[in-house]
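Asks: Sharing a sequence plus its predicted fold:
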Amino acid sequence: MSIEVEGLAKKYGDQWAVDHVSFDVPAGQVVGFLGPNGAGKSTTMKMLTGYISPTQGSAKVCGISVTDDSLSVRKQVGYLPESNPLYYDMYVKEYLRFVAGLYDLDKQTKSRVSEMIELTGLQLEQHKKIGALSKGYKQRVGMAQALMNNPKVLILDEPTSGLDPNQITEIRKLITNIGRERTVMLSTHIMQEVEAMCSRVLIINRGRLVADDSISNLQRQHGNKQSLQVKFKNGVDISHINAIEGVIEVDDLGGYRYRIDAKTDLNLQEKLFNFAVETSNVLLEQKEVEQSLESVFKSLTRNG
Ligand code: ADP
């Protein structure tokens, strides 16, 4: 196992920011770590990287305890913190050499810095001051920093936050590339990101782990409604479908197509067939729509 977490907890004052979570991540897996703001993602990641110590519980990264030997853990882990702290007055290459120096890479420093510049696509920016870079490129510098020690485990805290759609695609490609050979745990608010990159999802809410599964299992098990996309021959009055008991919502998709959400215990297909007959309409098509990860996330993290 690359990451082993057992009853990990952090208390700030009276609040359990992370409330006794347990999970394992095998080598080579790319795991999405989801949760609303304030759920405890960053705090968990900081404990895993040895930057803060747990109040209770244990965590091991590559078999090394984060509490007993946090220095060794930091050597094994690449960490991109949420705020991506960088020295804006330093030049890209100068900064990356500085980072390499922290890892005692000796003679390899020069080649390692060049490799990281290439891997993260910083060739054209390497002689610029970090402060002069766009947010996307600053993020690449953060990624280069996190990868400098050739870590087996990468912990990325919201790596695409604040980037524009093109930059997001680029960083996503980079992470997918990097994730082929490494264990990656990344936090994000973007569901497509998780669907595109992660084989597994951990969802945390108010410090507690509320889901740990593959995306398809989560969609199957936690979707608390069924959805059908249907096409009628003629237009329908939506209020009539809405009036069917058990129907939750009807969306007009145009072209006599509708998306209908209903409670899971309703035989929706039969009801719609009968509805078509009763209104002298014809049901031309119907297909099941998978619950989106977003609706699963919302139902698992609805607070209050
Ligand atoms: P997330 O990363 O999911 O947004 P955090 O791990 O940053 O959540 O925070 C979890 C909870 O712990 C929040 O309620 C936050 O206010 C609190 N918290 C985080 N760091 C500190 C700190 N240094 N002192 C006090 N409370 C903190």
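Replies: It's in.
Asks: what stretches of the stretch 201-304 of the chain score poorly on pLDDT?
Replies: 222-223, 303-304 (pLDDT under 70).
Asks: show me where it has strands.
Replies: Ranges of strands within the stretch 201-304 of the chain are 208-213, 226-232, 247-254, 257-262, 283-288, based on DSSP state E, counting those that start in this stretch.
Asks: Tell me the strands beside the fourth one, with direction?
Replies: Strand pairing for strand 257-262, using DSSP bridges, gives strand 226-232 (antiparallel), strand 247-254 (antiparallel).
Asks: With the first one instead?
Replies: Next to strand 208-213 in the sheet, as set by DSSP bridges, lie strand 200-205 (antiparallel).
Asks: Pull the distance from the partner strand to the chain's centre.
Replies: Centre-to-centre, strand 200-205 and its host chain are 8 Å apart (CA atoms, centre = their mean, to the nearest Å).
Asks: re earlier: please convert the strands of the stretch 201-304 of the chain to CSV, extending it with mean neighbour count.
Replies: (C-beta placed from N, C-alpha, C; glycine too.) Compiled in CSV, the strands of the stretch 201-304 of the chain are given as follows (neighbours: other CB atoms under 10 Å):
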stretch, mean neighbour count
strand 208-213, 18
strand 226-232, 19
strand 247-254, 14
strand 257-262, 19
strand 283-288, 13
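Asks: Serialize the strands paired with strand 257-262 to JSON lines and add fields for distance to L156.
Replies: JSON lines is the format used below for the strands paired with strand 257-262 (distance: least, CB to CB, whole Å):
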{"stretch": "strand 226-232", "distance to L156": "32"}
{"stretch": "strand 247-254", "distance to L156": "35"}
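Asks: so which of those comes closest to V184?
Replies: strand 226-232 (31.1 Å; CB to CB).
Asks: The closest one to strand 283-288, inter-axis angle?
Replies: 160 degrees (axes from the mean of the first three to the mean of the last three CA atoms, to 10 degrees).
Asks: which other residues reach strand 226-232?
Replies: 253, 255-264, 266, 268-269, 272, 276, 281-291 (CB atoms under 8 Å, 6 or more residues apart in numbering).
Asks: and E94, how many neighbours does it have?
Replies: E94 is flanked by 15 other residues according to other CB atoms under 10 Å.
Asks: hang on, it in a helix?
Replies: Yes. Per DSSP: H, G, I helix; E, B strand; the rest coil, E94 lies within a helix segment.
Asks: Which positions in this structure make contact with the ligand?
Replies: Residues of the chain lying close to the ligand by CB under 6 Å from any ligand atom are 12, 17, 35, 37-43.
Asks: Return a ChimeraX selection command for the buried portion of these.
Replies: In ChimeraX, the members of those classed as buried (16 or more other CB atoms under 10 Å) are selected with the following command:
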select :17,35,39,40,41,42,43
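Asks: so G101 sits right up against T109, yeah?
Replies: Yes. Counting by CB atoms under 8 Å, T109 is a contact partner of G101 at 6.7 Å.
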